[in-house]
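> Build me a model from this:
(chains A and B)
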Amino acid sequence: MVNLMRQVYFLIVFVMLVACKPKAPENVYTAGEADFSSFTAIGDGHTGGYMDDALYRDGQENSLGTLLQRQLTLVGASDVSVPWMETGNIGVNWNGQARLLLGYKTDCLNNTSLSPLRLSPQGELSSLSTSAYNPSSKFSNFGVPGLRTIDLVSFLLGNLNFVNYNPFFARLSKDQFNFPGSGSFSTYQENVFDGGYPSFCSIYLGIEDVLPFAKSGATSNPMSPVAGLPGIGFEESLGQLCQQLHAQNVKAVIATIPNVSEWPFFNTIPYNGLKLDEDKAASLNQIYNPLGFSFVVGDNPFMIADPNAGMFGVRPALPGEKILLSAPLDSVRCYQMGSVFPFRNEFVLTLDELNEIQTRIDQFNAIIRQKAVAYGFALVEAQNFYNKLPSGFAYNGVTLSAKFVSGGVFSLDGIHLNPRGNALLANEFIKSINHSFKSNIPLINALMFNAVLFP
Amino acid sequence: MQPNRPLFIWTAIFALSLFNTFFSQGFQVNFQGQKQQGMGCAGSALMQDASALFYNPGAACFASASEVNVASTPIFANVMYVDSSTQEVFRTKNPVGTPFAAYALIQSKKSHRLACGISITTPFGSTVQYEEAWIGRFAITRLAMKVFHIQPTVSFKVTDNIGVGAGFVWSPGEVELEKDLPVQFNDGTFGHAKISGTARGFGYNAGVFYNSGGFLSAGLSYRSGINMAVKTGTVEFQVPGGLEANFPNGSLTSSLPLPSVVTLGLNVKPCKNWNAVLDVNYVGWKTYDTLSFDYATNTSSLLDTKSARRYKSILAFRAGLQFAAISDESGPKLIGRIGGGFGFSPVQSGHVTPETPDADRWYGTAGLSYVFSQHFSLDASLYATKLQRADTNYETGLSGTFTTIAFCPGFGVNYKW
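The predicted structure follows:
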């Protein structure tokens, strides 16, 4: 009797363990009204995986274009084809420097703390002089760092001798580093359409038409004009691309330009980050009281150069004005930059400058929206994603924000998204595609992708 | 017949595996008596055995003899989570839960009016462990909660028809909570946090029982809420070296409120071999409003947390039938039972968490008892439920559907003298 009961008991245990699992639903992913079989990502470094102030392999692997396409493979897209950088992940930027990573840095006051450092003294220079072009495998990610909308039809982009030369374009161009006299140069767009039109495109352009100006503190790299022929003005440059895609029955998703001045590069140093004790406040008051400025113990606005500010061209920063992350922090800590010596114009965006940048972004975005409607493209309001960041938002148990380093979304350059940020932005593209083309493409679990790594 | 052997086997198994229990309405576990479990977990109005010490102390004095009663109900529960945005499927790999109940009831031979007893039960707790790298890993990876109620009880027959009883509840417990942290080592692996602590709480259990002596009996019982205070918990972090100063290991305090339960029960005996029972519970879950952790050392990365739970008090309805299939001159020999119930979920929309993926639920039960002799009898029961809950959590942003299936076969042994 007891034996029988034991057998029954173990039989029940077995049945319970095996039989009572909830059944998973069968996922049916569909392409809807779109054909993703040949996908191409058109864009700048934000599409191509530029991050931590360099283009490097892991960044490319986790770029907006690559993550989006990998997800589209669930509904028929082919696998990614990317002008890969070397697997050593050193990376390279416009100045030949290696990528940033988080390390220990000792500042002029002998305080050691975590800070973005260059991975090595020199970047992956060989990648800027070696062609990545492969005639038998067309690239699907044409994200080229620094690409402006007005560069799309430029014959100068791959020509070393011209001021607009872009080495990141030259390395993927079918010209394979033609030097002047050895052949003709093709445009970005010719490369994208070389050998046939894609069936579906993502278009994320326009950031580079305003960002270099903003990063220079509005001192150089003028923003692209709105009007003018293709190659000169934003509207017609973007228009001819969209028109061509539409004429070839290419479906697309296009994104508006986010408000770049809200990114950590422009928001990590507060305008009133000048902390003073009694002595320092007194000595600054001695200097500046005659000019009508006074200082208190505690937080004070930094002093900035502004040619329009009275006789001396100096004034305290106003709330809302930006001190850029390019400002030399050791000079601030130890050599009285931002106080005795005002921040130079290149490290500051004043309210007028911010207004000028925002106005241009708004003009560009109005054009992008209008093209999307005219040509039936899915539209991503990129700012809707960025809007959630300043106050932070909960995502699967993690609070993500625009905070530099710890926010979990931006890479160490404070401008480009990290892999996790790219996955989140790719989700916005997928949502828009699903909505416009009635497809069912699942979103990406962004927490599977890295944020900033700590030593 | 070797009555002691199965008892020995089961207790050995259960002692080894510690007990891990499945959440049943919140994290309440309603497995304290095999006979009640067979009848939809109802029984505050029907004096069955020593488990009356739990279900209604007022009924315990109606016991016909002194008795020892030990039972356990292994819980086979699987939770599946389907994330609404990624459409990915994740599952728990919970260990088999083994809540148990043990009772000793001594009937005063002199007066037949007084009974004393002690019970050890596990009316709250759960172990939930999700698979590796599941999407909610930063909310929780594992929760193991164990709560014992040790309850000495006195029950007194005021008249031949009315009994009252009360017990003091001493409630020791343990809790362990683990989750991954969204900070990454250089190789990309995530940090991890583990909170553990022991908890203490006190309460009481009281009841009134009315027995017409034939057709009808009724019961009213009240189990008080208990505040399980964690006074010396510890928190351990695994984080990159560069962040160790931000996440100091140390101590913390917390508390977890267990709700009060009011039960009104009715039992009718329409004909000789049949009983029908109904219990209505009112569970005071409203007390579980906030889960807070107060760390001894705070940093900019480690702040005290207050998570909204906002449970609401709920009603649950439980009903069952009992039928004596075979009887002889000494009484019933083989008894069959069937029942079921419905309970509202205390967890409100926006507050469903992976550790308690609760929902309104229907469940069904069945049971069997065999009386071998006037001293010895065996009970068995089976409980089955399936529940589903779709929600987006306000605090974590987790958005998806939890589906839970649970089978709980229970076994018990009674010895009377």
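> all strands for the stretch 1-150 of chain A, in order.
A:39-44, A:100-106, A:112-118, A:141-144 (DSSP state E, counting those that start in this stretch).
> for the ones you listed, which one sits closest to chain B?
Of all those, it is strand A:112-118 that lies closest to chain B, at 5.2 Å by CB to the nearest CB. The C-beta positions use only the backbone N, C-alpha and C, and glycine is treated the same way.
> Sheet partners, orientation included, of the closest one?
With DSSP bridges as the test, strand A:112-118 is paired with strand A:100-106 (antiparallel).
> what's in contact with the partner strand?
The contact list for strand A:100-106 (CB atoms under 8 Å, 6 or more residues apart in numbering or on different chains) reads A:52-54, A:112-119, A:405, A:411-413, A:452-455, B:242.
> Point out the most buried one among the strands of the stretch 1-150 of chain A.
Mean neighbour count (mean count of other CB atoms under 10 Å in any protein chain shown) peaks for strand A:141-144 among the strands of the stretch 1-150 of chain A, with a mean of 28.
> which residues of chain B fall in helices?
Residue ranges of the helices in chain B, as given by DSSP state H, are B:4-16, B:34-38, B:52-55.
> repeat for the stretch 201-350 of chain A
Shown for the stretch 201-350 of chain A, the helices assigned by DSSP state H, counting those that start in this stretch span residues A:211-215, A:234-247, A:264-267, A:278-288, A:329-334.
> For chain B, find the nearest of the ones you listed.
helix A:264-267 (17.0 Å).
> what distance separates the closest one from the middle of the whole chain?
Distance of helix A:264-267 from the chain centroid (CA atoms, centre = their mean, to the nearest Å) equals 13 Å.
> That one - what's its average pLDDT?
Mean pLDDT, helix A:264-267: 96.
> contact partners of that helix?
Counting by CB under 8 Å, 6+ apart, A:214-215, A:260, A:322, A:324-326, A:349, A:402-404, A:407, A:410, A:413-415 sit against helix A:264-267.
> which stretches of chain A aren't confidently modelled?
Within chain A, the ranges that satisfy pLDDT under 70 run A:1-2, A:4-5, A:8-19, A:179-182.
> 80 instead?
A:1-20, A:177-184 (pLDDT under 80).
> Can you pull the domain assignment for it?
Domain assignment for chain A by automatic domain parsing gives A:39-263+A:351-448, A:267-349.
> now, of the ones you listed, which is deepest in the fold?
Across the domains of chain A, averaging neighbours per residue (mean count of other CB under 10 Å) puts domain A:39-263+A:351-448 on top, at a mean of 20.
> Which residue is the nearest non-sequential neighbour of residue 392?
Because you didn't say which chain, this covers chain A. residue A:401 (3.6 Å; CB to CB, 6 or more residues apart in numbering or on different chains).
> actually chain B
residue B:399 (3.9 Å).
> Does that neighbour touch residue B:389 like I think?
No - at 11.9 Å, residue B:399 and residue B:389 do not qualify as touching, with contact defined as CB atoms under 8 Å.
> hmm, back to that, quick check: which of the strands of the stretch 1-150 of chain A is nearest to residue B:81?
strand A:39-44 (30.5 Å; CB to CB).
> ok, now which ones touch residue A:454?
When contacts are counted by CB under 8 Å, 6+ apart, residue A:454 touches A:102, A:114, B:183, B:184, B:185, B:186, B:239, B:240, B:241, B:242, B:243.
> and with 7 Å instead?
By CB atoms under 7 Å, 6 or more residues apart in numbering or on different chains, the contact set of residue A:454 is A:102, B:183, B:184, B:185, B:186, B:240, B:242, B:243.
> What parts of chain B come near chain A?
B:2, B:5-6, B:76, B:78, B:80, B:82, B:85-89, B:135-136, B:138-139, B:182-186, B:188, B:240-243, B:395-398, B:403, B:405, B:407, B:409 (CB under 7 Å from any CB of the partner chain).
> Just to be sure, which of these are found in strands?
B:76, B:78, B:80, B:82, B:89, B:182-185, B:403, B:405, B:407, B:409 (DSSP state E).
> hmm, which of those are the buried ones?
Among those, those classed as buried by 16 or more other CB atoms under 10 Å in any protein chain shown are B:76, B:78, B:80, B:82, B:89, B:182-185, B:403, B:405, B:407, B:409.
> Could you verify my assumption that residue B:182 touches residue A:408?
Yes - contact criterion CB atoms under 7 Å: residue B:182 and residue A:408 qualify, at 6.2 Å.
> what do these two both touch?
residue A:398.
> Take stretch B:377-385, keep the C-alpha atoms, and write them as PDB.
Below are the C-alpha coordinates for stretch B:377-385, written out as PDB (Å, rounded to 0.1, in the frame of the first residue of the first chain):
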ATOM      1  CA  SER B 377      -6.400   8.400   8.800                       C
ATOM      2  CA  LEU B 378      -4.900   9.900   5.700                       C
ATOM      3  CA  ASP B 379      -6.000  12.900   3.600                       C
ATOM      4  CA  ALA B 380      -5.200  14.000   0.100                       C
ATOM      5  CA  SER B 381      -6.200  17.000  -1.900                       C
ATOM      6  CA  LEU B 382      -5.600  18.600  -5.200                       C
ATOM      7  CA  TYR B 383      -5.800  22.300  -6.100                       C
ATOM      8  CA  ALA B 384      -5.500  23.700  -9.600                       C
ATOM      9  CA  THR B 385      -5.700  27.200 -11.000                       C
END
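> Can you report the mean pLDDT over the residues of it?
Average pLDDT, stretch B:377-385: 95.
> same question, stretch B:152-161
pLDDT averaged over stretch B:152-161 gives 94.
> So what would you say the end-to-end distance of it is?
Start and end residues of stretch B:152-161 are separated by 23 Å (CA to CA, to the nearest Å).
> mind listing what the closest residue to chain B within the stretch 151-300 of chain A touches?
Nearest residue of the stretch 151-300 of chain A to chain B: residue A:268, at 15.3 Å (CB to the nearest CB). Counting by CB under 7 Å, 6+ apart, residue A:268 makes contact with A:325, A:404, A:414.
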